[in-house]
Each structure stands twice: as structure tokens, then as C-alpha cells.
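[1] model this:
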Amino acid sequence: MKNTSDSDYELKDEYTLDYSQGVRGKYHEAAMRSKGFAKLDQDILEAFPSNQDLNAALHSLMQASRHVKLSAASL
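    Modelled structure (predicted):
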């Protein structure tokens, strides 16, 4: 294997990187939405300490709302 020094890994002058126009977190929100992440308020996090607890509560709410819609439609 070839013995290389740190100077072999330096960028060439034409590859200078200018981060002065960079925006931190520019795509963060879109990436989180695409992965199904949501920012929860602190009181929600305290009430539902695990993903399973939160998912169970949301599934119950969805089930209840279906019953309410069905009952209202039959009136």
C-alpha cells in the first residue's frame, strides 16, 4: 500500500469551498416531513413517553372519530 501524507489529501485551488452563503438547516423541515417525523409539544411528550403509547392513543382517536361520523351519517 502506498504511504501517503496529509498533504496528498489537500483540495486543489479550483475546489475551494465557500460556506459564507450557506444556510444551516435549509432542508431540515422538508426532510423530517418526508420521513414522517413531527415536532410534538412538551405536554404531549410528557403524556405519551413512548411511540407505542402515542400510536395507541392516536389509533383510538381515529376509531372513535369513525364511529362519530357513522352515527352522524345515519341521523
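
[2] Report the mean per-residue pLDDT for the strand or helix carrying residue 67.
    For residue 67, the element it lies in under DSSP states H and E is helix 51-73. Helix 51-73 shows a mean pLDDT of 87.

[3] what's in contact with it?
    Among residues not part of helix 51-73, those counted as contacts by CB atoms under 8 Å, 6 or more residues apart in numbering are 40, 44, 48. Every C-beta, even on glycine, is put in place using the N, C-alpha and C of the backbone.

[4] Just give me the closest of those residues to residue 24.
    Using CB to CB, residue 40 comes nearest to residue 24 of these, at 22.6 Å.

[5] Let me see the contact set for the closest one.
    Neighbouring residues of residue 40 by CB under 8 Å, 6+ apart: residue 54.

[6] Give me the distance between it and residue 71.
    30 Å (CB to CB, to the nearest Å).

[7] What of residue 37?
    Remark: distance between residue 37 and residue 71 (CB to CB) = 34 Å.

[8] can you check residue 32 too?
    Residue 32 is 36 Å from residue 71, by CB to CB.

[9] higher neighbour count, the two?
    Taking other CB atoms under 10 Å, residue 32 and residue 71 do not tie; residue 32 has more neighbours (12 against 9).

[10] Now do the same contact list for that one.
    By CB under 8 Å, 6+ apart, the contact set of residue 32 is 38, 39.

[11] which element is it on?
    Using DSSP H and E, residue 32 sits in helix 28-34.

[12] Okay, buried residues for that helix please.
    Buried positions in helix 28-34, judged by neighbour count with 16 or more other CB atoms under 10 Å: none.

[13] quick one: average pLDDT of it?
    Rounded mean pLDDT across helix 28-34 is 85.

[14] That helix: what's the following helix or strand?
    helix 42-47.

[15] hey, C-alpha coordinates of that next one in CSV?
    Below are the C-alpha coordinates for helix 42-47, written out as CSV (Å, rounded to 0.1, in the frame of the first residue of the first chain):
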residue,chain,number,x,y,z
GLN,A,42,-43.7,19.2,25.6
ASP,A,43,-47.0,18.3,27.2
ILE,A,44,-47.7,15.7,24.6
LEU,A,45,-44.2,14.2,25.1
GLU,A,46,-44.9,14.0,28.9
ALA,A,47,-48.3,12.4,28.4
